[in-house]
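Novice: Could you look at this predicted model? Sequence included:
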Amino acid sequence: QSVLTQPPSASGSPGQSVTISCTGTSSDVGGYNYVSWYQQHPGKAPRLMIYEVNKRPSGVPDRFSGSKSGNTASLTVSGLQAEDEADYYCNSYTGGNNLVFGGGTKLTVL
Amino acid sequence: EVQLVESGGGLVQPGGSLRLSCAASGFNFPIYSMNWVRQAPGKGLEWVSYITGNLGTIYYADSLKGRFTISRDNAKNSLYLQMNSLRVEDTAVYYCVRSVQFGFDTWGQGTMVTVSS
């Protein structure tokens, strides 16, 4: 079962933009447009931020955007705010009837 | 309000079994696909299993090797996870999760499963 690769940490100052990458293979990220992103604050359940690569659920600020190029998906947070500090996870459907998460990225707002 | 409430977690010895339940409310449960996702203490998220609304399709994580069984009762708006031959490494918070097009859009608060002697 594949594991999507995310950087362990990312950071930015308030108001800046930060991009978190999620690298897979042609069997998962590159092969399907079923990439999603989740935000998790300590002690809380995850929250869906992006689905189907670049779609935002209602209630998610438009500061959050998603994209994909080849086998790498990306989550961009623009206009960083203190409350954006959290762990972020990507997820993708795979061709083997599986769903796989990335290892997670801890985003720090400096 | 859309809500998912898990129950059934607890302490179990290695090799034991446990059945998790998830009560859904606030939405038309039978038409939604559902999942179990787990998170070991201090670790990342791990998808466990998926079931479509009509029970026609079921997926499992390869790592489970047939030890877990997902099921649902649409008449009771409930999702279940039967876990057998439990191992120490199965210790985690187990989340009941609704999905739409493989996006996990609604999460329960989680139930803790601890496998220890």
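Specialist: Looks like it came in fine.
Novice: List the residues that contact A:Ser21.
Specialist: A:6-7, A:72-74 (C-beta atoms under 8 Å, 6 or more residues apart in numbering or on different chains). For glycine as for every other residue, the C-beta is placed from the backbone atoms N, C-alpha and C.
Novice: Most neighbours among the residues you listed, please name it.
Specialist: Sorting those by how many neighbours each has (other C-beta atoms under 10 Å in any protein chain shown) puts A:Ala73 first, at 30 neighbours.
Novice: So what's the gap between the helix or strand that contains it and the chain middle?
Specialist: Taking DSSP states H and E as the criterion, A:Ala73 maps to strand A:72-77. Centroid separation between strand A:72-77 and its chain, computed with C-alpha atoms, centre = their mean, to the nearest Å, is 6 Å.
Novice: Quick one: mean pLDDT for that strand?
Specialist: Averaging pLDDT along strand A:72-77 gives 98.
Novice: which residue sits farthest out from the middle of the chain?
Specialist: I went with chain A, as the question did not name one. A:Gly96 (21.4 Å; C-alpha atoms, centre = their mean).
Novice: Could you pull up the residues touching the residue nearest the centre of chain B?
Specialist: The centre of chain B sits closest to B:Trp36, judged by C-alpha atoms, centre = their mean, with a distance of 3.0 Å. Going by C-beta under 8 Å, 6+ apart, B:Trp36 touches B:20, B:48-49, B:68, B:70, B:79, B:81, B:94-97.
Novice: returning to what we had before: any idea which helix or strand comes after the strand holding A:Ala73?
Specialist: Note on strand A:72-77: by DSSP H and E, the next helix or strand toward the C-terminus is strand A:86-94.
Novice: That'll do, ta.
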